[in-house]
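Enquirer: Below: sequence and its predicted model.
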Amino acid sequence: MSAAAREMGPGEWREQTSSLGMWVFLATEVMFFGAVFLAYLYLRTQYPDAVSEASRHTHEWMGTMNTAILLTSSFSMALAVRFSQIAKRQTVQRLLWVTAALGAAFLALKLTEYTMEWHEGLVPGLHFTIARNARVTQLFFFLYFLATGVHAVHLAIGVATVLWMSWRLRKPPFPDWRADEIDVLGLYWHFVDAIWIFLYPLFYLVSLQA
Amino acid sequence: MNSPPPVRVYAVTWAALMLLLVATFVAAHLRLGPFNPVVALAIAVAKVVLVALFFMHLKRSSALIVLFALVGLFALAILFGLSGADYATRSIHPAPWVAPAGY
């Protein structure tokens, strides 16, 4: 055991290392999504007018609703982490259910949106029928489906993990390392929320001025 | 971790996030010219800072964890800086279209 570990005590040491591990993973995720944001920045600076027009095909109300849903899910997740630190097992379990339900609602709305976009002919390569600025619009929607799709996969993994954690909390005991697991899960959840916070203005709010 | 902050802290953070969401939605419908994307991104950054400080409790985390939270952003800044400098100074000269052999 290192000097730092002795100074902290085993509980705090474990908490520090588990958080740190998740933050290292999140740093790699920043780079992963960062490449997509860079591609977007290039497209938007090279073809500002065409990107503006393309963005009008997205469904602003659905994107806005989903942002509200996801921000609220982060609220319930943060509360779950908070109550896990004082070992309120049943409260944590209920809050995790709420979080997973909100995550699932987000995914359901996103799938509805994808279905609409399919029927509107906005899917590059498979079903694309927009003639105006076709090349840039296709690139815009390629990035849209890539970014929101990868985000949705991350969220689906989050929902599954939160449900699994909630199931594991169905009966006592509630050992104190459980709080560290929930804390790490919370960090992941909030990160996925943070990615959406950027995707929302970049894809939905580009050009809504009358 | 020491005793957790009161529920009020989380509720206020959530309320602030919802207000910022309304603000960004309203701002997107106003004619602000070049400031439209600036305002949209500034609000997004403000939201993420709130999420990171209070929901991801970076405000109460050790310096080491804050450092690791920032290191990904630092690497991202290098990616954006170097690639951006390249794209910004390069003009595109598309090659004339040539029919592939056999057409």
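Expert: In hand now; what should we look at?
Enquirer: Locate the closest residue to chain A within chain B within the secondary structure: which element?
Expert: Ranking the residues of chain B by distance to chain A (C-beta to the nearest C-beta) places residue B:72 first, at 3.1 Å. Every residue, glycine included, has its C-beta placed from N, CA and C. Under the criterion DSSP states H and E, the helix or strand holding residue B:72 is helix B:63-88.
Enquirer: tell me which residues in that helix are buried?
Expert: Residues of helix B:63-88 classed as buried: B:65, B:68, B:69, B:72, B:76 (neighbour count, 16 or more other C-beta atoms under 10 Å in any protein chain shown).
Enquirer: Check which helices and strands the lengthiest helix in chain A is in contact with.
Expert: As assigned by DSSP state H, the longest helix anywhere in chain A is helix A:10-46. Applying 3 or more C-beta pairs under 8 Å, 6 or more residues apart in numbering or on different chains; DSSP states H and E, one finds that helix A:10-46 contacts helix A:3-8, helix A:134-168, helix A:176-204, helix B:63-88.
Enquirer: In chain A, which residue sits nearest chain B?
Expert: For chain A, the nearest residue to chain B under the criterion C-beta to the nearest C-beta is residue A:27, separated by 3.1 Å.
Enquirer: show me what contacts residue A:56?
Expert: Contacts for residue A:56 were tallied using C-beta atoms under 8 Å, 6 or more residues apart in numbering or on different chains; they are A:207, A:208.
Enquirer: let's see it at 10 Å
Expert: A:204, A:206, A:207, A:208 (C-beta atoms under 10 Å, 6 or more residues apart in numbering or on different chains).
Enquirer: and if you look at residue A:200?
Expert: Counting by C-beta under 10 Å, 6+ apart, residue A:200 touches A:60, A:63-64, A:66-67, A:70-71, A:148, B:21, B:24-25, B:28, B:40, B:43-44, B:47.
Enquirer: ok, it to residue A:13 distance?
Expert: Here the criterion is C-beta to C-beta, to the nearest Å. By it, residue A:200 lies 38 Å from residue A:13.
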